[in-house]
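# Next comes the sequence, and after it the predicted model I'd like to discuss.
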Amino acid sequence: MILGFDTSSAHVGAALFDGQTVPAALHEEMARGQAERLFPMLDEVLADAGLAYSDLHAIGVGIGPGNFTGIRISVAAARGLALSLGIPAVGVSLLEAVAFDTPGPVLACLSAPRGQAYVMGHNMAQEIAPRLIAVEDIPPDWAEPGLTCLGPAANDVANRLGAATAPAQYAPASAIARIAARRWQSNPPPPAPLYLKPADAAPARDTPPVILDDA
């Protein structure tokens, strides 16, 4: 039994996957308040399936890219739960989750600020590693026969490349749980954020105070 969840964008999502089906799942769009909503949602999903945290075999968590704070919320929650329950936590990129179970060639496209998109190619003729790029800077030679763009930024990217669009096969948390189910027994490393851009927060410009030694 795998619990997957994600708060990397303007949503909170959680899903259980038993290896065959999703017995319970929730997804709510929200721009703020993910930290307060996450654990109540996890409790609700488990209750809907008649399960407890002790029934879980592993946790899958979205590691981004996306909102800096949202990613930290989920990753910290997953690591804390895994430690307390003594089970693995598997980090899953949303660029992988959005393309999961969709035959290629596929370009996963997530929304980013200021006319940009997070993208990653799957089964494409040329390798397109995860990156943050302005939509207007996407090279025309990324286009190829049969290319499908998936994800929240799919329309903008597809218009740039003359490609088709399609919905993702699963909601983010469901895809994360399904991917984690394939990896949790392979000694995965602890999940870590995938930002693909610097944090919006910047260090203070003021000189820090000098700490005096009492001696």
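Right, received. Where do you want to start?
# So which other helices or strands are in contact with the longest helix belonging to the chain?
In the chain, assigned by DSSP state H, the helix with the most residues is helix 68-85. Contact here means 3 or more C-beta pairs under 8 Å, 6 or more residues apart in numbering; DSSP states H and E; on that basis helix 68-85 packs against strand 2-6, helix 34-48, strand 58-62, strand 89-92. For every residue, glycine as well, the C-beta is placed using N, CA and C.
# can I get those in TSV with mean neighbour count, distance to I128 and mean pLDDT?
Putting these into TSV (neighbours: other C-beta atoms under 10 Å; distance: least, C-beta to C-beta, whole Å; pLDDT from 0 to 100) gives the following:
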stretch	mean neighbour count	distance to I128	mean pLDDT
strand 2-6	31	22	98
helix 34-48	16	29	97
strand 58-62	29	20	98
strand 89-92	26	19	98
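# so which of those comes closest to G19?
strand 2-6 (8.0 Å; C-beta to C-beta).
# tell me the angle the closest one makes with strand 58-62.
Counting by axes from the mean of the first three to the mean of the last three C-alpha atoms, to 10 degrees, strand 2-6 lies at 20 degrees to strand 58-62.
# Okay, angle between strand 2-6 and helix 68-85 too, please.
160 degrees.
# Run through who's touching strand 2-6.
12-19, 38, 41-42, 45-46, 56-62, 74, 77-78, 92, 94, 97, 172-178, 180-181, 184 (C-beta atoms under 8 Å, 6 or more residues apart in numbering).
# on that earlier part again, any chance of the helices and strands packed on helix 68-85 in CSV, with distance to G104 too?
Formatted as CSV, those follow (distance: least, C-beta to C-beta, whole Å):
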stretch, distance to G104
strand 2-6, 23
helix 34-48, 31
strand 58-62, 22
strand 89-92, 18
